[in-house]
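**Student:** with the input below, show me the fold.
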Amino acid sequence: MNKIFFIAALLLSNLVLTHAYADTCFIFYKAKKDDPLRLHLGLMKMERHCSDVEIEALSQQRLVLHGWSLLKIVNRSVQIDEKKIESDLGEYFLKY
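**Tutor:** Below you'll find the predicted structure:
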C-alpha cells in the first residue's frame, strides 16, 4: 500500500512540475532578410505550450516587425541549456 502512495505522489509531483513549465516554450528558428541577403538562427521564448498551433504565426509576426522573414521553425523545447545556446547564438539569443 505504501508503494502505491509513493508512486502516486511521484506521478503527481511530476505532473505539477511539468505543468509549471508547460506554458513556456523556446523556439529555435531560421530567418532571412533580403537586399543584401542575411540569414540567422535564433531563439525565441513564448509563454505558450510548445504544441500551440499559433506559434509559427506568432514567430513570423515578431520577426516581421524587425524586417526578418521566418524561413523555418527548427525546434521547439520547454527546456534549454541557456549558457551553451547563448554562446552559440550570440546576438540572436532571445532577441525577438
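**Student:** give the buried residues for stretch 62-73.
**Tutor:** Under the neighbour-count criterion of 16 or more other C-beta atoms under 10 Å, stretch 62-73 has Arg62, Leu63, Trp68, Leu70 buried. The way it works is simple: take the backbone N, C-alpha and C, and place the C-beta from them, glycine included.
**Student:** tell me the contacts of Glu54?
**Tutor:** Taking C-beta atoms under 8 Å, 6 or more residues apart in numbering, we find Glu54 in contact with Arg48.
**Student:** same question, Ser51
**Tutor:** Residues in contact with Ser51 (C-beta under 8 Å, 6+ apart): none are found.
**Student:** residue nearest the centroid of the chain?
**Tutor:** When C-alpha atoms, centre = their mean is applied to the chain, the residue found nearest the centroid is Phe26 (1.2 Å).
**Student:** and that residue, what element?
**Tutor:** Assessed by DSSP states H and E, Phe26 sits inside strand 25-33.
**Student:** state the distance from the closest residue to Ile80 other than its chain neighbours to Phe93.
**Tutor:** Excluding the flanking residues, the one nearest Ile80 by C-beta to C-beta, 6 or more residues apart in numbering is Phe26, at 5.0 Å. Here Phe26 is placed at a distance of 10 Å from Phe93 (C-beta to C-beta, to the nearest Å).
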